[in-house]
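In: Build me a structure from this.
(one chain, ligands or ions: 2)
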Amino acid sequence: MKIIMLGAPGAGKGTQAKMIADKYSIPHVSTGDIFRANIKNGTALGMEAKKYMDQGQLVPDELTVKILLDRVAQEDCKNGYVLDGFPRTIPQAEVLDKALTELGDSIDYAINVDVPDENIINRMSGRRACVACGATYHIVHIPTKVEGICDRCGAELILRDDDKPETVKKRLDVYHTQTQPLIDYYTAKGVLREVDGTKDMKDVFADIVKLLEQ
Ligand code: ADP
Ligand code: AMP
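Out: Ligands and ions are numbered 1, 2, ... in the order given. As a prediction, this is how the structure comes out:
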């Protein structure tokens, strides 16, 4: 099963992608996580990506596409994967389609997690991410057992640099101009599914499972 998560930054793509990956035993592939791991390790790719991420801009397609295609070519992706944060532009979607078509394959579902902009700023300012394992929480909606400490691995939680309100506004602009057109793109391919992302995370997940299993 090959699934794409669509939605604004902060809509809950990562939260749902992790749950899908666990339930269906497929890898969760997040280009944002790959960039953040590179930043943490001080690689050349990380330094380049950080310039764009800190501004709320997209990392250029040339860099992003290569990383994604290398990742999904790995052995663990051969039975499927859930993509979170990729594609974010029409050219990225076209490259992915072309690569899949060459393998006689295609995307099964593009799930749009729909959350209005008004809710997004609140979600992002409350998001806390684990420095070690990448798990995400929300200080009000999805709190940890011990404040500031990851439930899963015990490491420290941080507010991402690009989750500051000014950067979030820029990221929402970028989302509306560059990423939202993907909704029409995947609708035309007959694989788009919509879920109401304003519900409680467990209810959103139940809706996703229902549509994957119908
Ligand atoms: P994305 O991957 O789309 O950027 P995340 O999955 O990281 O978004 O979610 C953004 C923030 O909102 C996180 O703090 C997360 O814990 C919280 N969140 C995710 N889903 C929900 C939900 N259904 N209701 C309330 N908060 C949520
Ligand atoms: P995310 O963790 O998905 O919110 O991504 C964080 C940031 O990484 C984005 O704001 C972009 O700067 C960059 N990024 C992640 N995925 C992509 C992508 N597919 N194309 C371009 N930039 C990306």
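In: which one is Val72 nearest to, not counting chain neighbours?
Out: Tyr81 (6.0 Å; Cβ to Cβ, 6 or more residues apart in numbering). C-beta: built from backbone N, CA, C; applies to glycine.
In: ok, what's across the strand from the one you found?
Out: Tyr81 forms beta bridges with Lys2, as assigned by DSSP bridges.
In: Would you mind measuring from it to Tyr52?
Out: Using Cβ to Cβ, to the nearest Å, Tyr81 is found at 24 Å from Tyr52.
In: List the contacts of Leu103.
Out: Leu103 makes no contacts at all, as judged by Cβ atoms under 8 Å, 6 or more residues apart in numbering.
In: before we move on, what about Val204?
Out: Residues in contact with Val204, defined by Cβ under 8 Å, 6+ apart, are 12, 16, 113, 195-197.
In: and these, which of them are in helices?
Out: Using DSSP state H, Gln16 are the members of those that sit in helices.
In: Need the buried ones from the contacts of Val204 selected in PyMOL.
Out: The PyMOL selection below is limited to those of those classed as buried (16 or more other Cβ atoms under 10 Å):
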select buried, resi 12+16+113+195+197
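In: what's the farthest-apart pair in the contacts of Val204?
Out: Gln16 and Asp196 (12.0 Å; Cβ to Cβ).
In: Could you list the residues in contact with the helix or strand harbouring Ser125?
Out: Following DSSP states H and E, one finds Ser125 within helix 117-126. Applying Cβ under 8 Å, 6+ apart, the contact partners of helix 117-126 are 8-12, 115, 138-141, 159, 163-165, 168-169, 172, 198.
In: and if we set it to 7 Å?
Out: Residues outside helix 117-126 that contact it (Cβ atoms under 7 Å, 6 or more residues apart in numbering) are 8-10, 138-141, 163, 165, 168, 172, 198.
In: Any of these buried? List them.
Out: Buried members of the contacts of helix 117-126, scored by 16+ other Cβ under 10 Å, are 8-10, 138, 163, 168, 172.
In: what's the closest of those to ligand 1?
Out: Taking Cβ to the nearest ligand atom as the measure, ligand 1 sits nearest to His138 out of the buried ones among the contacts of helix 117-126, at 3.4 Å.
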